[in-house]
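**Student:** A structural model of the following input is requested.
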Amino acid sequence: MPLPRLVFATRNPGKVKEIAAMLDGHFEIVGLDDIGCAEEVPETTGTIEGNAIQKAEYVKAHYGVDCFADDTGLEVEALGGAPGVDTAFYAGPAKNADANMAKLLGALAGQDNRRAQFRTVIALTGRDGTRTFEGICTGAIAEERSGAEGFGYDPVFRPDGEPVTFAEMDAVRKNALSHRGRAVRAMVQELTGNG
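**Tutor:** Now for the predicted structure:
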């Protein structure tokens, strides 16, 4: 019997792969390209939670499919919580991970306080309306990039209690610790009734 299909409102193949591994055996996870959504899905609310809800509800309204969307912010203490909701666009509209990391490392040059947290909010929309799930991972920004796994800011974020960055971990270890992993597990518990 085929698994129920759930649309993840993203075009990031790294995120689809990460979530699909976590939901293995429960759902078939597909991205926006798989449902023919070529337009930019809006994320203009100014908050992490608001953007996740906006994206999920847009896909549900325009494509008629159950959907979940996430929005994640990297909140750096010494930068007053920045880049926050602008994490993907920190160095400009191109969403360039290398440029974003370069800008972040530059902004923290000479800073002793490198405390930071990743915060993910997932919005799930379906027959029962929209629900949200939050996951937080605390840690610090490394002095320099290290590792080749993952995506985004993974090479510069070291979770609390770990000697390495997310980019130096395999997917299983990262998912066990990460903000997105925590939010996804909360969603899975709700979806499967195991919570």
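**Student:** Report the contact partners of R127.
**Tutor:** Contact analysis of R127 by Cβ atoms under 8 Å, 6 or more residues apart in numbering lists D66. All C-beta spots, glycine's among them, are computed from the backbone N, C-alpha and C.
**Student:** V65 versus that one, what's the distance?
**Tutor:** In this view, R127 and V65 are 11 Å apart by Cβ to Cβ, to the nearest Å.
**Student:** residues in contact with the worst-scoring helix or strand of the chain on mean pLDDT?
**Tutor:** Lowest mean confidence among the helices and strands of the chain (mean pLDDT, DSSP states H and E): helix 13-22, at a mean of 82. Outside of helix 13-22, the residues within contact range by Cβ under 8 Å, 6+ apart are 8, 10, 29-31, 70, 150-151, 171, 174-175, 180-181, 184-185, 188.
**Student:** mind listing what the next helix-or-strand element following it pairs with, with the direction of each?
**Tutor:** Tracing the chain past helix 13-22, the next element assigned as helix or strand by DSSP states H and E is strand 28-30. Paired strands of strand 28-30, with direction, are strand 5-8 (parallel) (DSSP bridges).
**Student:** quick one: average confidence on the strand it pairs with?
**Tutor:** What strand 5-8 shows for mean pLDDT is 91.
**Student:** Stretch 81-94 now?
**Tutor:** 93.
**Student:** then it to PDB, C-alphas only?
**Tutor:** Listed next in PDB are the C-alpha coordinates belonging to stretch 81-94 (Å, rounded to 0.1, in the frame of the first residue of the first chain):
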ATOM      1  CA  GLY A  81      18.900  38.100  17.600                       C
ATOM      2  CA  ALA A  82      19.900  38.800  14.000                       C
ATOM      3  CA  PRO A  83      19.800  37.500  11.400                       C
ATOM      4  CA  GLY A  84      16.500  36.000  12.700                       C
ATOM      5  CA  VAL A  85      13.600  36.000  10.300                       C
ATOM      6  CA  ASP A  86      16.100  37.300   7.600                       C
ATOM      7  CA  THR A  87      18.500  34.300   8.000                       C
ATOM      8  CA  ALA A  88      18.200  33.100   4.300                       C
ATOM      9  CA  PHE A  89      18.600  36.600   3.000                       C
ATOM     10  CA  TYR A  90      21.200  37.900   5.500                       C
ATOM     11  CA  ALA A  91      23.700  38.900   2.800                       C
ATOM     12  CA  GLY A  92      21.100  39.800   0.200                       C
ATOM     13  CA  PRO A  93      18.200  38.500  -1.900                       C
ATOM     14  CA  ALA A  94      20.200  35.700  -3.600                       C
END
